[in-house]
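> my questions concern the predicted model and sequence given below.
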Amino acid sequence: MEIMTHSSTFLLPKHSAADGAALTYVLVVLNRRLPRFTPLLWKHAAQLRICADGGANRLYDELPLLFPNEDAVEIRKRYKPNLIKGDMDSIREEVLRFYKDLGTETIDASDDQDTTDLHKCVAYIQDLPNLKNHKLCILVAGALGGRFDHEVGNINVICRFRNTKIILISDDCLIQLLPSSHHHEIHVQSAVVGPHCGLIPIGGASKTNKTTGLQWDLSDTEMRFGGLISTSNIVKGEIVTVQSDVDLLWTISINKKRVMTQVS
């Protein structure tokens, strides 16, 4: 079975893909408190930066707070999104007008009430002709915390787009899907992530799970809700390997203090 590699190098000031092929990063900002290291994510997502509806409010309100010694308007101009897309029921009028005046494209998708704003943004990214031949990694800032149904909705999106690498990020942790179609090799950037981690079966009970590189490795272990799931595990090595017969969620803690030292 083919091996899929993963890393958190986007949390470092300079990165190289651990999987041997450069990733194209895209940043999606949601309407939830932004990680304090959002400027670092912004720097790596050179191809495209999207606000999902009210995510533009967060960008407008919270980014200047990270640079208290600089002019707020200049910060907002520096961190101008390429696109705002969604239902447009949360973004404030003055925020929408500000970014429109700077040249940000806007797409009103209020005719679609069956999908979330994150779903709409991911579908848009996948359909872009100039990104068709790129190895994409979509970083989602503000995806965790707040209302539980919103968190579950975001997890549902990464399950629906299981063949696209999507990473949900908060100040405290990241979550991504490990599809059962591959074996997985996770390169752990211990300077900024870990050691706490977890593996959670998301598509139903998993009969066989095997890992290496964890304090409590799984060896043909069954996991299911209502039974055993791997929470509060500990990364022990630089590489963690994972095999499973169902899709798993991988989560690992983020050392936000260390990450913040990378933000200039």
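Yes, it's here. Keep in mind that what you see is a predicted model, and the values were worked out from it rather than measured.

> V26 sits in which helix or strand?
Taking DSSP states H and E as the criterion, V26 maps to strand 24-29.

> helices and strands around that strand, which ones?
Helices and strands touching strand 24-29, by 3 or more CB pairs under 8 Å, 6 or more residues apart in numbering; DSSP states H and E, are helix 38-44, strand 48-52, helix 55-62, helix 117-127, strand 136-141. From N, CA and C alone the C-beta is placed, and that goes for glycine too.

> nearest to D108, out of these?
helix 117-127 (10.5 Å; CB to CB).

> give me the contacts around the closest one.
26, 28, 30-31, 48, 50, 52-53, 55, 83, 85-87, 107, 109, 112, 115, 131, 136, 138, 140, 143, 153-154, 157, 160-161, 164, 166 (CB atoms under 8 Å, 6 or more residues apart in numbering).

> distance from the chain centre to it, please.
Put simply, helix 117-127 sits 14 Å off its chain's centre (CA atoms, centre = their mean, to the nearest Å).

> in stretch 230-248, what's buried?
Using 16 or more other CB atoms under 10 Å as the test for burial, stretch 230-248 gives 230, 233, 235, 240-244, 246-248.

> right, I mislabeled it, should have said stretch 208-217
209, 211, 213-214, 217.

> centre of the chain versus the longest strand along the chain, how much separation?
Determined from DSSP state E, the single longest strand within the chain is strand 193-201. Relative to its parent chain, strand 193-201 has a centroid offset of 15 Å by CA atoms, centre = their mean.

> check which helices and strands it sits against.
If you count contacts as 3+ CB pairs under 8 Å, 6+ apart, strand 193-201 packs onto strand 209-212, strand 230-234, strand 239-244, strand 248-254.
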